[in-house]
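Trainee: heads up, no residue letters with this:
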């Protein structure tokens with residue numbers, strides 16, 4: 001049995017060509033699910049600029065489709081820090097071996113580090129982005145469990161409860177990594193309480209602490225300085241030093257958000273830049289800044305940054321629960337699957 005999320009966009013919404021590059025069927029499939037495309041070579045922009053990169057889709061405040069870009073670099077910059085965060089040697093080695101590293105705790109979220117080898121970037125991704133939940137039904141995944149799933153591994157039998165019923169199953173990711181796969185799903189509700197407690201102790205691992213992403217030495221002071229700059233602006237924005245205008249580029253805006261750079265954000269505002277829905281979502285789900293910083297950035301642009309809606313973000317999943325008359329074993333498993341009801345919010349909750 002598997003639970004899967006549904007496409008986030010309609011096939012009719014996706015253009016066949018982006019900036020002069022024809023999309024493959026695989027690119028279109030990825031975009032349908034809200035994922036980045038494959039590497040697109042030779043994207044053509046105004047004034048003759050040509051770049052390689054990936055795209056992903058979002059919607060603006062009116063619901064119109066927006067195209068976002070992430071451009072390639074010439075080499076993988078696996079230095080001793082990413083953004084403002086320390087990268088110890090053991091983590092850098094795992095990234096060089098193309099492992100997903102994490103989870104780490106940042107801003108109340110679980111985040112992972114991955115190397116995108118097509119664009120040569122180390123990316124910080126939330127559990128939601130890579131479809132790794134913190135909890136499946138009543139079972140809270142350990143940090144080791146989450147890392148195993150993130151790297152394509154499979155969890156041995158785990159015991160979990162749904163609507164008062166107890167089940168065991170092996171847990172893994174589907175091949176396309178867009179859903180959770182349950183193997184050997186068995187109803188254990190016939191067991192006594194003592195037997196269930198013993199089974200839980202045998203199968204389920206105790207929770208382990210998730211380490212935080214740590215700021216590199218000296219950067220904590222830099223972040224404090226940036227907060228003071230924001231406080232100065234928010235207390236009297238009219239008297240804040242006026243800055244020359246710059247091009248209205250969302251990529252510059254997002255870099256400024258990541259760096260919590262008040263000077264650049266004020267430049268953008270004075271240049272007439274107005275954040276669209278995709279830009280607001282970028283602030284809302286950003287793991288590089290905390291909630292206080294998100295609200296401060298929203299104040300600069302006179303927008304309210306609300307907390308992420310986990311229920312709204314949860315992907316839709318479905319399972320085929322029809323009995324298989326030709327395969328009694330499969331039919332029995334489907335009957336158990338029917339009892340799961342809507343496993344969507346359970347399996348993907350609290351990412």
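Mentor: Here it is on my side, so go on. Computed from a prediction, not measured in an experiment: that's the story for all the values here. Residues are numbered from 1 along each chain as shown.
Trainee: from here on, contacts and neighbour counts on C-alpha atoms
Mentor: Fine.
Trainee: how about the helix or strand residue 27 falls within: buried residues?
Mentor: Residue 27 is located in helix 25-32, with elements delineated by DSSP states H and E. If you call a residue buried by 16 or more other CA atoms under 10 Å, then helix 25-32 has these buried ones: 27, 28, 29, 30, 31, 32.
Trainee: figure out how far it is from the centre of its chain.
Mentor: Remark: helix 25-32 is offset 18 Å from the chain centroid, using CA atoms, centre = their mean, to the nearest Å.
Trainee: now do it: which elements does it pack against?
Mentor: The contact analysis (3 or more CA pairs under 8 Å, 6 or more residues apart in numbering; DSSP states H and E) places helix 25-32 against no helix or strand.
Trainee: where does the stretch 51-200 of the chain dip in pLDDT?
Mentor: Applying pLDDT under 70 to the stretch 51-200 of the chain flags residues 73-84, 107.
Trainee: just the strands in it please.
Mentor: Using DSSP state E, counting those that start in this stretch, the strands of the stretch 51-200 of the chain run over 65-71, 81-82, 85-86, 101-106, 109-116, 121-126, 135-136, 139-140, 154-162, 165-173, 179-187.
Trainee: any buried residues in stretch 259-278, and which?
Mentor: Neighbour counts using 16+ other CA under 10 Å place 259-270, 273-275, 277-278 of stretch 259-278 among the buried residues.
Trainee: on that earlier part again, mean neighbour count and distance to residue 304 for the strands of the stretch 51-200 of the chain - can I get that in a markdown table?
Mentor: Putting these into a markdown table (neighbours: other CA atoms under 10 Å; distance: least, CA to CA, whole Å) gives the following:
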| stretch | mean neighbour count | distance to residue 304 |
| --- | --- | --- |
| strand 65-71 | 14 | 21 |
| strand 81-82 | 16 | 29 |
| strand 85-86 | 16 | 28 |
| strand 101-106 | 22 | 22 |
| strand 109-116 | 21 | 21 |
| strand 121-126 | 19 | 22 |
| strand 135-136 | 20 | 29 |
| strand 139-140 | 18 | 32 |
| strand 154-162 | 18 | 37 |
| strand 165-173 | 20 | 36 |
| strand 179-187 | 20 | 33 |
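Trainee: do you know which of the ones you listed lies nearest residue 231?
Mentor: Evaluated over the strands of the stretch 51-200 of the chain, closeness to residue 231 peaks at strand 101-106, with 22.8 Å, by CA to CA.
Trainee: got the angle between that closest one and strand 121-126?
Mentor: 60 degrees (axes from the mean of the first three to the mean of the last three CA atoms, to 10 degrees).
Trainee: just how off-centre is strand 101-106 within its chain?
Mentor: The chain centre lies 12 Å from the centre of strand 101-106; the measure is CA atoms, centre = their mean.
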